[in-house]
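Participant: Predicted model and sequence below, questions to follow.
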Amino acid sequence: MNDLTTKRIAAFIIDYVILCALASVVGTVGIIAVADKWMQEPSRYFIWLMLTPFICSIFLMVICFFIWDVYGKLDLGKRLMKIELLSGGQKFTFGMAFMHSVLKTIFCCIWPISFTYYLLKHEMIYDRILKISVSSKTEG
């Protein structure tokens, strides 16, 4: 593995740990929000009790990835690893950040496949689809 590949994996792990912590909090709040209804009619609201943390986590991931893409300095993993993602040699546009966030969230949900692909090809599936490159971050 080359240096950028290793840095990309480390950056992802850092970001993922942050997201898992946030998702735990958001999911718990979501469960609390539907728990009252569930206590009243357990059979009717059981599916919502199970789906709420997942749905909240998915929305949280898209929002966080999008904010981190638009405001690069907020992405702790990439900042610590001193890497940046570029589209056509430029920083992400608003639309590219949104598409990247959605695709990244989808592929995070099937992470074993995404991770295996990354180890074999040294690029993320969504980076290939969107023609995104990874480079060492330059100051400025």
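Facilitator: Arrived safely, thanks for sending.
Participant: What is the helix ranked longest in the chain packed up against?
Facilitator: What stands out as the longest helix in the chain, according to DSSP state H, is helix 3-40. Judged by 3 or more Cβ pairs under 8 Å, 6 or more residues apart in numbering; DSSP states H and E, the packing partners of helix 3-40 are helix 42-70, helix 76-81, strand 83-87, helix 111-121, strand 132-136. Every C-beta, even on glycine, is put in place using the N, C-alpha and C of the backbone.
Participant: and of the ones you listed, who's closest to Phe98?
Facilitator: Phe98 lies closest, by Cβ to Cβ, to one member of the helices and strands packed on helix 3-40: helix 42-70, at 5.9 Å.
Participant: What's the local residue count around the closest residue in space to Ile18 that isn't next to it in sequence?
Facilitator: Nearest non-adjacent residue to Ile18, counting by Cβ to Cβ, 6 or more residues apart in numbering: Leu76, 6.4 Å away. The tally of other residues near Leu76 (other Cβ atoms under 10 Å) stands at 14.
Participant: So Leu76 versus Ile14, what's the distance?
Facilitator: Taking Cβ to Cβ, to the nearest Å as the measure, Leu76 and Ile14 are separated by 6 Å.
Participant: quick one: low-confidence ranges for the chain?
Facilitator: 1, 37, 45, 138-140 (pLDDT under 70).
Participant: about what we covered before: what angle separates the longest helix of the chain from strand 132-136?
Facilitator: 120 degrees (axes from the mean of the first three to the mean of the last three Cα atoms, to 10 degrees).
Participant: can you count the residues close to Ser136?
Facilitator: Neighbour count of Ser136, defined by other Cβ under 10 Å: 11.
Participant: nope, Val34 is what I meant
Facilitator: Counted with other Cβ under 10 Å, Val34 comes out at 17.
Participant: Could you check how far it is from Cys56?
Facilitator: 10 Å.
Participant: ok, now Gly89?
Facilitator: In terms of Cβ to Cβ, Gly89 sits 36 Å off from Cys56.
Participant: out of these two, which sits in the more crowded spot?
Facilitator: The residue with more neighbours, out of Gly89 and Cys56, is Cys56; 20 against 7, by other Cβ under 10 Å.
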